[in-house]
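*Asks:* Provide a 3D model corresponding to the input given below.
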Amino acid sequence: MNEALIAEPVTITGHGGDEIEAYVARPIGDGPYPGVVVIHHMPGWDRETREIARRFAANNYLAITHHLYSREGKGTDYHDAAAAARARGGVSDAQFLGDTAGAVDYLRSLPSSNGKVGTIGYCSGGRQTYIAACRLDIDAAVDCYGGSVVATPDQLNELRPVAPIDLTPEMGCPILCVFGEQDANPSPEHRIAIEAALTAAGKTYEIASYPDAGHAFFATDRPAYRPEAANDGWARIFDFFGRHLKGAN
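*Replies:* A predicted model of the protein is given here:
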């Protein structure tokens with residue numbers, strides 16, 4: 001653990017050249033350090049998301065979390081920005097990819113970067129992480145109970161035109177998928193379908209599945225929190241990123 005950190009808001013260039021808000025946490029030191037992009041969940045760019053970024057920094061990672069709803073309200077309460085984004089149907093997959101590519105580029109541009117960057121996301125951010133693993137130049141991905149990775153045609157629309165599971169053959173990095181078996185979305189059936197798709201496509205993947213946990217079991221501020229599953233999940237995440245992100249390119 002490295003408790004000597006710098007954490008601060010920054011502005012990055014996102015989709016379409018838009019300037020969006022982000023928050024960076026990094027160890028004080030020359031590195032080189034691997035990077036992690038923390039993708040926030042549907043409720044928004046909240047304090048807990050920034051705490052996750054600081055947790056990675058304390059473990060010698062460069063971490064950034066970017067505000068996917070920044071266009072709906074820079075500098076405003078994140079609840080208001082999230083509500084405005086949901087009112088227009090949410091963030092399109094194309095916009096998400098452009099914003100996240102900007103976050104990846106920002107981390108790689110830091111002098112203390114080792115050039116390797118992974119992504120991690122929870123709930124809707126887990127779904128988006130799965131897409132990032134298939135469409136962006138990243139080195140590892142962690143999908144924490146990403147809902148709607150498996151989607152039927154009637155669940156698709158102009159903003160989200162393709163089911164993430166159908167992108168699996170394009171996946172260009174190792175992925176760790178973390179599930180609670182009491183979850184409804186992703187359900188145990190979704191887990192089986194995702195694992196089958198990853199196997200069929202010959203991808204490098206790991207599955208962590210917890211029988212006594214449901215959705216959002218990492219969230220310490222929710223009744224869904226399951227300490228035993230969350231602690232083991234964090235250990236698996238750091239082991240996974242350590243194996244795939246440490247060392248120089």
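*Asks:* if I pick the nearest residue to R191 once chain neighbours are set aside, what's in contact with it?
*Replies:* Excluding its sequence neighbours, the residue lying closest to R191 (Cβ to Cβ, 6 or more residues apart in numbering) is F179, at 4.9 Å. No exception for glycine: its C-beta is placed from N, CA and C like everyone else's. Listed by Cβ atoms under 8 Å, 6 or more residues apart in numbering, the contact partners of F179 are 145, 186, 188, 191, 207-210.
*Asks:* what about the top helix by length along the chain, average pLDDT?
*Replies:* Counting residues, the longest helix found in the chain (DSSP state H) is helix 227-245. For helix 227-245, the mean pLDDT works out to 98.
*Asks:* contacting residues around that helix?
*Replies:* The contact list for helix 227-245, computed with Cβ under 8 Å, 6+ apart, reads 34-36, 59, 61, 114, 116-118, 120, 139-140, 142, 144, 173-174, 176, 178, 180, 206, 208, 210, 212-213, 217-218, 220.
*Asks:* Now that helix: buried residues?
*Replies:* Neighbour-count burial for helix 227-245 flags 229-230, 233, 236-237, 240-241, 244-245 (criterion: 16 or more other Cβ atoms under 10 Å).
*Asks:* before we move on, which element is R127 in?
*Replies:* R127 belongs to helix 124-135 when elements are defined using DSSP states H and E.
*Asks:* Turn the buried residues of helix 227-245 into TSV, columns for distance to V162.
*Replies:* Output for these, formatted as TSV (distance: Cβ to Cβ, whole Å):
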residue	distance to V162
A229	30
A230	31
G233	28
R236	28
I237	27
F240	26
F241	27
H244	25
L245	27
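*Asks:* between these, which is nearest D46?
*Replies:* Closest approach between the buried residues of helix 227-245 and D46, by Cβ to Cβ: A230, at 17.2 Å.
*Asks:* just the angle between the helix or strand containing L176 and helix 124-135, please?
*Replies:* If you go by DSSP H and E, L176 is part of strand 175-180. Inter-element angle recorded for strand 175-180 and helix 124-135: 160 degrees (by axes from the mean of the first three to the mean of the last three Cα atoms, to 10 degrees).
*Asks:* circling back to that earlier point, let's see which of the contacts of helix 227-245 end up in strands.
*Replies:* Those of the contacts of helix 227-245 mapping onto strands are 34-36, 114, 116-118, 120, 140, 142, 144, 176, 178, 180, 206, 208, 210, per DSSP state E.
*Asks:* Can I get the buried ones among the residues you listed as something I can paste into PyMOL?
*Replies:* To isolate the buried ones among those in PyMOL, judged by 16+ other Cβ under 10 Å, type:
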select buried, resi 34+35+36+114+116+117+118+120+140+142+144+176+178+180+208+210
